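# My questions are about this predicted structure, shown below with the sequence.
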Amino acid sequence: MRLGRLAVLIAGAGLLAEALAGPVGPAMAQKRPGAQMTEKERALQQTRKQLREERAKAAAARRREAGLLSALERIDRGLIQKRRQVAILDRKVRQAQEGIAELRGEIRRLETRRTGQEEALGRRLEALYKLQVQGGALPALLSREDPLDQAIRLRHLTTLATVDARYIQEYRRTSDGLAERQDRQQAQERKLAALRAEAEAERAKAGLDAARRRVLLAKVKDQRAYHDRAVGELSDASRRLEAFIRDLQAKQRQAELRQAEQRRAAARAPAPAKPRTTPSEGASAHGFGGLRGRLGWPVDGQVVGEFGAQVHPRFGTRTFRSGIDIVVPEGTAIAAVYPGHVVYTGWFRGYGNLIIVDHGGDYFTLYAHAAEFQVTEGDEVKQGQTIGTVGETGSLQGPRLYFEVRHQGKPQDPAQWLRPRG
């Protein structure tokens, strides 16, 4: 009996298990993994979305935050333009002041002249008044005196009337001229006030640019991240300059070949081909190559950056300087160290306003950070001729001249070419 009951209970439990496993169990077993997979996919999609957003933010930040040299270039170009505008306005202010001073001188002269004319007219009015008190001129003309005396008296009165009329006309012209100049003076003074206000506004803008420049240079000097960026960008600028000079050399050689062809065609006779000079042949006793250690200095100042490998004293970064930095006051004249042909004047990122002179024999000299140019591309320059003035364009360290000597595109130590200082 007990065994039968037990069998029934076991069978019932089996049916209950089948019932539970049939309609409910498998469905739940299939739903749970699918639900877990959906949650993982949602998490993955969310992660991917966040990653895309972060990448977009980083790209936008990179677009907003240009390189240091680009930022410096924008500031320097704006500063140059504003300072140029201030100089133009200052010149106009001086011209207006000179015009006002000239008008004031004319006004003083006219006032003096009018005072004299007023005194003369006063005397004539007094004489006419006395004549009127005595009866006027008509009784004297109608009197029975000698007709000759009457004619003389009439001529005299006519002359006096003519003189009086001329005095009055001159007085009017003087008064009109005085009023016209006074109006012009007032107009010039209003113009002068407007020019002064505009010049002050431009100075204020230039001051803001100069302050932004100082902030940027302070970051490069004091913050490692900015310093490293500057070093990397300056290295890139140096490589671009080397490629640019190689391109200039190629163009110069092509120009020389064209000129030689033109000369041969003009002479109608073939000329023997001239072999290119090797570096040793270029350093002969003539030309730029023969003046090693005897070239004059482009500016008279202190060398604060030597040629060659450099180690930053604070951050320990290693760089290579292809020229020398010479500190001189802003506005100092830059002299060409040797006669040559100007092949480039313009802005070059990392160097600011740059002048490149070709001296022949594959020798070039470079003058960077100029404030102004005194020459243009294509000019022939003499030794010692002023080709520009010193500034701080593109410089991360203030006003200075950066000077290079290159032979066949490779930088040379300028100290080996410049004349030793006593």
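That came in fine, so what should we check first?

# quick one: the strands in the protein?
302-305, 308-311, 318-321, 324-327, 333-335, 340-348, 352-360, 363-373, 380-381, 386-390, 401-407, 410-412 (DSSP state E).

# Name every strand pairing with the longest one and say which way it goes.
For strand 363-373, the paired strands and their directions (DSSP bridges) are strand 352-360 (antiparallel), strand 386-390 (antiparallel), strand 401-407 (antiparallel).

# for those, which one sits closest to Tyr367?
strand 352-360 (4.4 Å; CB to CB). For the C-beta atoms, the positions are set from N, CA and C on the backbone; glycine is no exception.

# So for the closest one, mean pLDDT?
For strand 352-360, mean pLDDT rounds to 94.

# For it, which outside residues touch it?
Residues from elsewhere that reach strand 352-360 (CB atoms under 8 Å, 6 or more residues apart in numbering): 76, 245, 248, 252, 287-288, 334, 336, 338-348, 364-373, 375, 381, 387-388, 391-395.

# Pass me the low-pLDDT residue ranges in the stretch 201-350 of the chain, would you?
Low-confidence segments of the stretch 201-350 of the chain, defined by pLDDT under 70: 268-286.

# Repeat the analysis, applying 90 as the threshold.
201-287, 308-321, 349-350 (pLDDT under 90).

# Tell me which stretches of it form helices.
224-267, 279-282 (DSSP state H, counting those that start in this stretch).

# What residues of stretch 185-192 count as buried?
Residues of stretch 185-192 classed as buried: Gln185, Gln188, Lys191, Leu192 (neighbour count, 16 or more other CB atoms under 10 Å).

# cool, stretch 103-117 as well?
By 16+ other CB under 10 Å, the buried positions in stretch 103-117 come out as Leu103, Glu106, Ile107, Leu110, Arg113, Arg114, Gln117.

# one step back: for the helices of the stretch 201-350 of the chain, which one sits closest to His312?
The nearest among these, by CB to CB, is helix 224-267 at 7.3 Å.

# Which elements pack onto the closest one?
In terms of contacts (3 or more CB pairs under 8 Å, 6 or more residues apart in numbering; DSSP states H and E), helix 224-267 is packed against helix 68-133, helix 147-222, strand 318-321, strand 340-348, strand 352-360, strand 363-373.

# Quick check: Val342 touching Val375?
Yes: here Val342 lies in contact with Val375, judged by CB atoms under 8 Å, at a distance of 5.0 Å.

# Could you name every residue contacting both of the two?
In contact with both Val342 and Val375: Ile355, Val381, Ile387, using CB under 8 Å, 6+ apart.

# tell me the contacts of Pro195?
For the record, residue 195 is Leu, not Pro. Here Leu195 is in contact with Leu89, Lys92, Val93, Ala96 (CB under 8 Å, 6+ apart).

# Whichever of the shared contacts of Val342 and Val375 end up buried, select them in PyMOL.
Those of the shared contacts of Val342 and Val375 that count as buried under 16+ other CB under 10 Å are selected in PyMOL with:
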select buried, resi 355+381+387
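
# Serialize the shared contacts of Val342 and Val375 to CSV and add fields for distance to Arg181.
As requested, the shared contacts of Val342 and Val375 are exported to CSV (distance: CB to CB, whole Å):
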residue, distance to Arg181
Ile355, 48
Val381, 49
Ile387, 46
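
# out of the shared contacts of Val342 and Val375, which one sits closest to Ile324?
Of those, the one sitting nearest to Ile324 (CB to CB) turns out to be Ile355, at 15.6 Å.

# Who is the closest one paired with across the strands?
Thr345, Tyr367.

# Next one: it from Pro411, what distance?
Per CB to CB, to the nearest Å, Ile355 is found 16 Å from Pro411.

# can you check Gly388 too?
For Gly388 relative to Pro411 (CB to CB), the value is 21 Å.

# same thing with Arg212?
Counting by CB to CB - Arg212 and Pro411 are separated by 32 Å.

# Out of the two, name the residue with the larger neighbour count.
Pro411 (21 against 16; other CB atoms under 10 Å).

# Is the more buried one in contact with Glu404, as I believe?
Yes: between Pro411 and Glu404 there is a contact under CB under 8 Å: 5.9 Å.

# Overlap of the contact sets of those two?
Common neighbours of Pro411 and Glu404 (CB under 8 Å, 6+ apart) are Ser322, Gly323.
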